[in-house]
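**Q** Structure, please.
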Amino acid sequence: MDNNIKYRTYRTSINIFLFSYYGNSKVYEIPNGKSTILPGIKYSILTILFGWWGFELPWKGYQKIKYSLTVLHINFHGGDDYTKAFSEMDYEEKTIWVYNNLKRELFEKTNIETIDIIIDLQNEYLQSESNITIESNIIFLTHKLKKLNIINLRNSDLEEIINKTKQFEYRAK
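**A** Just a heads-up that it's a prediction; the model follows:
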């Protein structure tokens, strides 16, 4: 996945007499530095022009107006962000689970690709060694990650990733 691309969808709400439509646009690929609001303008204009004019049943209140305001709010705040979902599509469930369950501090200084690499390295280590301790696993990972120029993770970070991997495997049983 290209880290310089954002994936967004935009919403529209059209209500004309008895006809009502509330839905999403196609997925737009937006390069970093480009506006996330501009692709949603046409959907917002459709909503402004046709989002308010449906007939309401008394018990539904102002639902069509509420939908229209929600659409405009979402579109003018850059649409619905699908970047994370699209970036996770290429990874196994284990990698996604470990990445999504990291402590916030670690989550902010790593990415899913690095977690995938660490899990692959750890699997390699587990297959090659018989006497495995957490310390020896961390030494192995640190050595391999340095070769890949991944040097921003401390031993405690690696220990957390190893523990989260074990939690996933225990949870999966």
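**Q** Outline the domain layout of the chain.
**A** The chain breaks down into these structural domains: 5-85, 91-172 (assignment by automatic domain parsing).
**Q** Now tabulate the ones you listed in TSV and tack on mean neighbour count.
**A** All C-beta atoms are positioned from the backbone trio N, CA, C, and that covers glycine. As requested, the domains of the chain are exported to TSV (neighbours: other Cβ atoms under 10 Å):
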stretch	mean neighbour count
domain 5-85	16
domain 91-172	15
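**Q** I'd like these as TSV, with mean pLDDT appended.
**A** TSV is the format used below for these (pLDDT from 0 to 100):
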stretch	mean pLDDT
domain 5-85	86
domain 91-172	85
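**Q** ok, which stretches of the protein are strands?
**A** The residue ranges that make up the strands of the chain, judged by DSSP state E, are 5-9, 11-17, 19-24, 28-31, 53-54, 80-81.
**Q** center of the chain, which residue is that?
**A** The central residue of the chain, meaning the one whose C-alpha is nearest the mean C-alpha position (Cα atoms, centre = their mean), is Lys84 at 1.9 Å.
**Q** distance of that residue from Thr142?
**A** To Thr142, Lys84 is 28 Å away according to Cβ to Cβ, to the nearest Å.
**Q** Kindly report the same for Tyr21.
**A** As it turns out, when the distance is counted by Cβ to Cβ, Tyr21 lies 55 Å from Thr142.
**Q** still on that earlier bit, nearest to Thr95, out of the strands of the chain?
**A** With Cβ to Cβ as the criterion, Thr95 lies closest to strand 5-9 of those, at 19.2 Å.
**Q** What is the closest one packed up against?
**A** In terms of contact count using 3 or more Cβ pairs under 8 Å, 6 or more residues apart in numbering; DSSP states H and E, strand 5-9 is assigned the packing partners strand 28-31, strand 80-81, helix 83-88.
**Q** List just the one of the ones you listed that sits closest to Gln127.
**A** Within the helices and strands packed on strand 5-9, the stretch nearest Gln127 is helix 83-88; the backing value is 25.7 Å (Cβ to Cβ).
**Q** Please save the CA atoms from that closest one in PDB.
**A** Presented in PDB, the C-alpha positions along helix 83-88 are these (Å, rounded to 0.1, in the frame of the first residue of the first chain):
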ATOM      1  CA  THR A  83      -7.400   4.300   4.500                       C
ATOM      2  CA  LYS A  84      -6.900   2.000   7.500                       C
ATOM      3  CA  ALA A  85      -9.300  -0.600   6.200                       C
ATOM      4  CA  PHE A  86      -7.600  -0.600   2.800                       C
ATOM      5  CA  SER A  87      -4.100  -0.800   4.300                       C
ATOM      6  CA  GLU A  88      -5.100  -3.800   6.400                       C
END
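**Q** From the contact counts, what lies against it?
**A** strand 5-9.
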